[in-house]
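> fold the following for me, if possible:
(2 chains)
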There are 2 protein chains.
Amino acid sequence: MARRSMRNQIVEAALEQFHAHGYNAAGVKTITDAAGVPKGSFYNHFHSKEALAVEALRYYGEGRLDDLAGGETEPLARLRAHFEALRDETVRLDYTRGCLIGNFGAEIADHSEVIRENVRQRFEGWADAIAATLEEAQRAGAVRADLDPPTVARFLLNTWEGTLVRARVDRSSDAFDAFFTTAFGPLLTGPAAV
Amino acid sequence: MARRSMRNQIVEAALEQFHAHGYNAAGVKTITDAAGVPKGSFYNHFHSKEALAVEALRYYGEGRLDDLAGGETEPLARLRAHFEALRDETVRLDYTRGCLIGNFGAEIADHSEVIRENVRQRFEGWADAIAATLEEAQRAGAVRADLDPPTVARFLLNTWEGTLVRARVDRSSDAFDAFFTTAFGPLLTGPAAV
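The predicted structure follows:
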């Protein structure tokens, strides 16, 4: 039990350090210090910093897609609320952090095959969940009939990741505003009826 | 003259190292080694790695917007060719590197005020150039009349940056395909005439 708890402490501290400072800037010593455990204990739990990063990604992703799953809310409103919750999280953190999946993708996908594959799978699962919601909204007549949900889902997710980078660079919600105005206006619902 | 040339050698090597490995992973020693100059010479030319990063950004950005400026090609075709050239560059480099501006934005905007401001200005100039091209295309009737060019330009640029991250993670052109299909189809030109 104690052993398991120390492992969790390390994963939580790593998520925080990777998210705040990036993969390369967060050393094992910094992480074990932040977790309040001896550096030597690290390799009892993880065989590498890379393995820890995969665990941090899993921990970060947990429950993040739950609000896209069916519910009482209309599918398009659900999709919008999903991105609004992620926006609110970024604003609350003063435009720092961004998305751990996207950050890892930008910083280390070229350098670690294990992390690259893990990031790829997480993006793919996320895009699939967005596509399913779009399809549901399309069947309900709330999304343009001429759109291909899997393609537009991938496009939207990529827009979201780029929007997060831009919002952090600007430290302003302008990029989020452009996202919501364009995605939930001309892109998904088409020109206003005249 | 020799002094100036050594400075350029350092900037070129830095651009290569920052682009290939990221800001944090590329140390001053690695950069001066790659430039073939003594490490001690670095501070004769730059007061910090941060100052060098700003120079590398300037060097990277040079001429990158030229193909958006007026010419004989139609504005919408020009915009498409602009992104296609950037895609081809990424494919040629086997899906490594991405965009230096976006990489810096994701990796270090939270940690360096100087680099954050520089990245912000480069994004802003790029978005303005895209907006001007969209406006021209709209006047020519090639882009939907209900779109606001400055807003959609920012949206598109953010999509592009996220698309690059995703293409690198996937090592495939799927993300580029979703970008071109969606942007130059339903988003900019609207539903096909029936």
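> excluding sequence neighbours, find me the nearest residue to A:G61.
Using C-beta to C-beta, 6 or more residues apart in numbering or on different chains and skipping the chain neighbours, the partner closest in space to A:G61 is A:R122 (5.6 Å). Yep, even glycine has a C-beta here, placed from its N, CA and C like the rest.
> remind me which helix or strand that neighbour belongs to.
helix A:113-139 (DSSP states H and E).
> so what does that helix touch, helix or strand wise?
With contacts defined as 3 or more C-beta pairs under 8 Å, 6 or more residues apart in numbering or on different chains; DSSP states H and E, helix A:113-139 has these neighbours: helix A:49-61, helix A:75-92, helix A:100-108, helix A:149-170, helix B:149-170.
> out of the ones you listed, which gets nearest to B:A106?
helix A:100-108 (3.9 Å; C-beta to C-beta).
> which SS class is the closest residue to A:H21 other than its chain neighbours?
Leaving out its chain neighbours, the residue that sits closest to A:H21 by C-beta to C-beta, 6+ apart is B:H111, at 7.3 Å. Three-state call for B:H111 (DSSP: H, G, I helix; E, B strand; the rest coil): coil.
> wait, B:H111 touches A:N24, no?
No - checked against C-beta atoms under 8 Å, the pair B:H111 and A:N24 is beyond contact range at 11.8 Å.
> give me the common contacts of the two.
Among the neighbours of B:H111, none is also in contact with A:N24 (C-beta atoms under 8 Å, 6 or more residues apart in numbering or on different chains).
> show me the contacts for the residue nearest to A:A109 when sequence neighbours are not counted.
In space, and not counting its chain neighbours, A:A109 is closest to A:R116: 4.3 Å by C-beta to C-beta, 6+ apart. Each residue near A:R116 by C-beta under 8 Å, 6+ apart is listed here: A:G105, A:I108, A:A109, A:D110, B:V169, B:R171.
> ok, 10 Å please
A:F104, A:G105, A:I108, A:A109, A:D110, B:R168, B:V169, B:D170, B:R171 (C-beta atoms under 10 Å, 6 or more residues apart in numbering or on different chains).
> now swap in A:Q9 and tell me
Going by C-beta under 10 Å, 6+ apart, the list of residues near A:Q9 reads A:I31, A:T32, A:A34, A:A35, A:G36, A:V37, A:S41, A:H45.
> most neighbours among the residues you listed, which one?
Neighbour counts for those, by other C-beta atoms under 10 Å in any protein chain shown, peak at A:I31, which reaches 26 neighbours.
> so that residue is in which element?
Going by DSSP H and E, A:I31 is part of helix A:28-35.
> off-centre distance for that helix?
Centre-to-centre, helix A:28-35 and its host chain are 23 Å apart (C-alpha atoms, centre = their mean, to the nearest Å).
> give me the secondary structure label for A:T189.
Relying on three-state DSSP, one would call A:T189 coil.
> next, count neighbours for it.
15.
> so how far is chain B from the most centrally placed residue in chain A?
Note on chain A: the residue nearest the mean C-alpha position is A:C99, at 4.4 Å, using C-alpha atoms, centre = their mean. Applying C-beta to the nearest C-beta, to the nearest Å, the value for A:C99 to chain B is 9 Å.
> run a quick neighbour tally on A:D146.
13.
> give me the domain ranges for chain A.
A:2-59, A:63-187 (automatic domain parsing).
> what comes up buried for the helix holding A:R122?
A:115-116, A:118-120, A:122-123, A:126-138 (16 or more other C-beta atoms under 10 Å in any protein chain shown).
> likewise for stretch A:47-57?
For stretch A:47-57, by 16+ other C-beta under 10 Å, it's A:K49, A:E50, A:L52, A:A53, A:V54, A:E55, A:A56, A:L57.
> give me the low-pLDDT residue ranges for chain A?
A:1-4, A:192-194 (pLDDT under 70).
> mind running it again at 80?
A:1-4, A:70-71, A:110, A:191-194 (pLDDT under 80).
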